[in-house]
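# Any chance you could fold what I've pasted below:
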Amino acid sequence: MSKFSQYLGDPPAIDAKSTIDPIVNHGHQDLVQAVAFNSYGDRCATGSVDGKIRVFNRHKDGKWRVCDSWSAHGGEILELQWLPPTIYPNLLASLGIEGRFKLWAENPSAAPGRRFGVNLMGHGHGGHHGGHLGGHGASTLSSSRRDGVGSGIGLSSLHSSGDSKPTPAFDYRNPKSPIRSFSLKHNDDTRHTYLALLSVDGTLEVLENETPENITEFSRIDRFSVLTQKPARGEETSFRVRFDPNPEVCYTALRAGVPTDALGLVVAAMDTVKVYRTRDTVSASLGVATAAREFYLAAEIPGLSAKGGGDANVNVNSVGHRGLVRDVAWAPGNIRGYDIVATACQDGYVRVFGLSTPAPPPQGQESRGWGVGEMRRHQDGVGGGGRREDGGSGTAASRALASQQGHGQDTHLKSGIRAGLADQSRMGSGTVGDRMRLGGQQQPGQVRHVVTEVARLDSHRTPVWRVGFDDDGQILGSVGDEGKLMCYRQTPDGSWAKSAELAMVKMRMAAP
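Next comes the predicted model:
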């Protein structure tokens, strides 16, 4: 017993100085508004109300030290997100209150304190980047020189900025309305990076970068409005957009007909939450048909204002938000057979929803569209669209061509002018309105989704501002007005329950 006697006494005293102190003492001159860790958990970026970003690195001794600090925006920083460390060099995205999205590239060869805020070496110019995207599909957003000509600079041309004002590697703003939320997703297999930007007028733009070695050029996949009615002047607004973090679509969704390379988006717009998926389409230009993708409304969780329209059969307490949705999160780990989405609402509740795709009807039975009222009464959820006609087989181009041929549209028989006009009509307001409205005209490739409220958590009893999942989707965390962090876990019966609570406590030290 003498061998283990040292372990039977009181536990050793813990060092009063924690290794997290350098991050707690962040050094900002104002409140910290956004915090983001990278995938490895060894880098942390903090954004302050004063518009500055500070990056901390965790060293081998376990201590966090400042790596770089720079003025990124003219006002408070709303969101920060790291791109995967598999991309070289490391990239950090930020969004400011002025509505500008910026992408910062790190120069690992520079000294600490001058690693971010690089310039682009392009004919002696390192001026304004971005600008305005016009049109659909083939439109491209690229970094430009002051004379407006795209420079097409790659990552190999990045160098440390010698100016006092840092320059982002990519800069974009919506000229009509400021951007209020963004989300980035990188596919390690295809090496494509996707960017979703949500503006205060409800416009959602989704961009794609096909060459990770050149972060200055993005092409638009789709652009549409997530609101049926724009907010009134002076009305409080709330917008949030998040990509599906899973590398592949859920296997039940694949069985229902969702393409393997489909993108998923969850959008919180005011008091309504909407889920979007992509379907394969064909865009014709000058008589040549090319495969493309466009988003459609897969499911909707209406708010209280949307439910007060007079449908007496709708139970308001069954599903829906009674206030502005401040944040939304899509859980990783869809191996469970369905997706999980969580929302943080101003009414003090954290709601957890299950997103599933029911099996398609048997062969020979016609798949019909669902009305909005009927979808709300179906399992207290909402779904929309139809099923795929081709069973999900074949390539994206073949599926899209087959869907158009099924509707009697032979693009090869049209002249170049007629094909261009047909393409514009397909991308016009009529088709966009149909694919962005549940129960509307059924479009080929749309798959019906069903949303079911799994849990409604009221541990905060104050307005909830942030919600998020861990990397495995097993722990759900939320932060409310009272400043407490609540953690929830899924119980064996499928519901969610509170498991931990963290709060900051101020202690007054006694005089010696």
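# Any idea what V352 is bridged to?
Under DSSP bridges, the beta-bridge partners of V352 are A342, A455.
# Verify the stated contact: it with D339.
No - using Cβ atoms under 8 Å, V352 is not in contact with D339; the gap is 11.2 Å. To be clear about C-beta, it is placed using only N, CA and C from the backbone, and glycine gets the same treatment.
# Comparing these two, which shows the higher neighbour count?
Neighbours around V352 and D339, counted as other Cβ atoms under 10 Å, are more numerous at D339. The numbers are 27 against 23.
# residue contacts, the more buried one?
D244, N246, C250, A253, G264, W330, A331, G354, L355, S356 (Cβ atoms under 8 Å, 6 or more residues apart in numbering).
# want to try a markdown table for those, with neighbour count, secondary structure and pLDDT as columns?
Below are the contacts of D339 laid out as a markdown table (neighbours: other Cβ atoms under 10 Å; DSSP: H, G, I helix; E, B strand; the rest coil; pLDDT from 0 to 100):
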| residue | neighbour count | secondary structure | pLDDT |
| --- | --- | --- | --- |
| D244 | 25 | coil | 94 |
| N246 | 17 | coil | 92 |
| C250 | 22 | coil | 90 |
| A253 | 26 | helix | 91 |
| G264 | 26 | strand | 94 |
| W330 | 23 | strand | 96 |
| A331 | 24 | coil | 94 |
| G354 | 19 | strand | 93 |
| L355 | 26 | strand | 93 |
| S356 | 21 | strand | 91 |
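# Closest one of those residues to A34?
W330 (18.7 Å; Cβ to Cβ).
# Let me know whether the closest one touches R242 as I believe.
Yes - contact status for W330 versus R242: in contact at 5.3 Å, counting by Cβ under 8 Å.
# quick one: common contacting residues for those two?
V266.
# Just give me the closest of the contacts of D339 to P492.
G354 (15.5 Å).
# That closest one reaches A342, doesn't it?
No - counting by Cβ under 8 Å, G354 does not reach A342; the two are 10.6 Å apart.
# List the single closest residue to G99 in space, sequence neighbours excluded.
P178 (2.4 Å; Cβ to Cβ, 6 or more residues apart in numbering).
# so what's that neighbour up against?
So P178 contacts I97, E98, G99, S199, V200 (Cβ under 8 Å, 6+ apart).
# distance of V241 from P178?
14 Å (Cβ to Cβ, to the nearest Å).
# Then R466?
In terms of Cβ to Cβ, R466 sits 21 Å off from P178.
# Same check on S69?
With Cβ to Cβ as the criterion, S69 and P178 are 25 Å apart.
# go on, R233?
Counting by Cβ to Cβ, the gap from R233 to P178 is 14 Å.
# Would you map the strands across the stretch 201-350 of the chain?
Secondary structure of the stretch 201-350 of the chain by DSSP state E, counting those that start in this stretch: the strands cover 203-209, 217-225, 239-243, 264-269, 272-285, 288-301, 325-330, 339-345, 350-356.
# mean confidence for the fifth one?
This points to strand 272-285. In this model, strand 272-285 carries a mean pLDDT of 85.
# Tell me what angle it forms with strand 339-345.
120 degrees (axes from the mean of the first three to the mean of the last three Cα atoms, to 10 degrees).
# same check, this time on the third one
With the same axes, to 10 degrees as the basis, strand 239-243 and strand 339-345 are set at 160 degrees to each other.
# Can you find the helix or strand of this protein with the lowest average pLDDT?
None of the helices or strands of the chain scores lower by mean pLDDT, DSSP states H and E than helix 372-377, at a mean of 34.
# For T193, list the residues it contacts.
Neighbours of T193 in contact, by Cβ under 8 Å, 6+ apart: L83, I87, L184, K185, H186, N187, E208, N209, P212, I215.
# Wait, a helix at it?
No - assessed with DSSP: H, G, I helix; E, B strand; the rest coil, T193 is strand; it does not lie in a helix.
# can I get the strands of the stretch 201-350 of the chain in CSV with distance to R115?
Listed next are the strands of the stretch 201-350 of the chain as CSV, based on distance: least, Cβ to Cβ, whole Å:
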stretch, distance to R115
strand 203-209, 22
strand 217-225, 23
strand 239-243, 27
strand 264-269, 32
strand 272-285, 36
strand 288-301, 36
strand 325-330, 30
strand 339-345, 33
strand 350-356, 37
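# Compare those and give me the one nearest L502.
strand 350-356 (15.2 Å).
# Please name every helix or strand in contact with that closest one.
strand 339-345, strand 450-457, strand 475-480 (3 or more Cβ pairs under 8 Å, 6 or more residues apart in numbering; DSSP states H and E).
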